[in-house]
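Enquirer: need a 3D model of the sequence below.
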Amino acid sequence: MNYARTKWQVTRYYLGITTQQEALPPPEPGYRLEWHPLLGGQVPDLFWPEQTRLLRQGARQFQRNGPPF
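Expert: Residues are numbered from 1 along each chain as shown. All right, here's what the predicted structure looks like:
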């Protein structure tokens, strides 16, 4: 649901490791790409609280176990 509560929308989040400092332009108009640091407790707040909790959990696992590759 969007902020105006007028339509449903799909938001996808991916955890990954990159050396890029900024996101590249999105592939299509109307889309937005953002990079956020996950280490050091810098996890951004997401729309739904359970999304933020899941992201923080993934960041803790990255810190504890290192990247999965």
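
Enquirer: in the chain, which residue is most central in space?
Expert: Nearest to the centroid of the C-alpha atoms of the chain, with distances taken as Cα atoms, centre = their mean, sits Tyr13, at 4.6 Å.

Enquirer: pretty sure it sits against Pro44.
Expert: No: using Cβ atoms under 8 Å as the test, Tyr13 is too far from Pro44 to be in contact (10.1 Å). All C-beta spots, glycine's among them, are computed from the backbone N, C-alpha and C.

Enquirer: overlap in contacts of these two?
Expert: Leu55 (Cβ atoms under 8 Å, 6 or more residues apart in numbering).

Enquirer: flag the shaky bits of the protein, pLDDT-wise.
Expert: 1, 41, 67-69 (pLDDT under 70).

Enquirer: what do you get if the cut-off is 50, keeping everything else the same?
Expert: Low-confidence segments of the chain, defined by pLDDT under 50, are absent.

Enquirer: would you map the helices across it?
Expert: Using DSSP state H, the helices assigned to the chain run over residues 49-65.

Enquirer: these two touch, right, Gly58 and Leu15?
Expert: Yes: the pair Gly58 / Leu15 is scored as a contact, 4.9 Å apart, by Cβ under 8 Å.

Enquirer: between those two, which contacts overlap?
Expert: Common contacts of Gly58 and Leu15 (Cβ under 8 Å, 6+ apart): Leu38.
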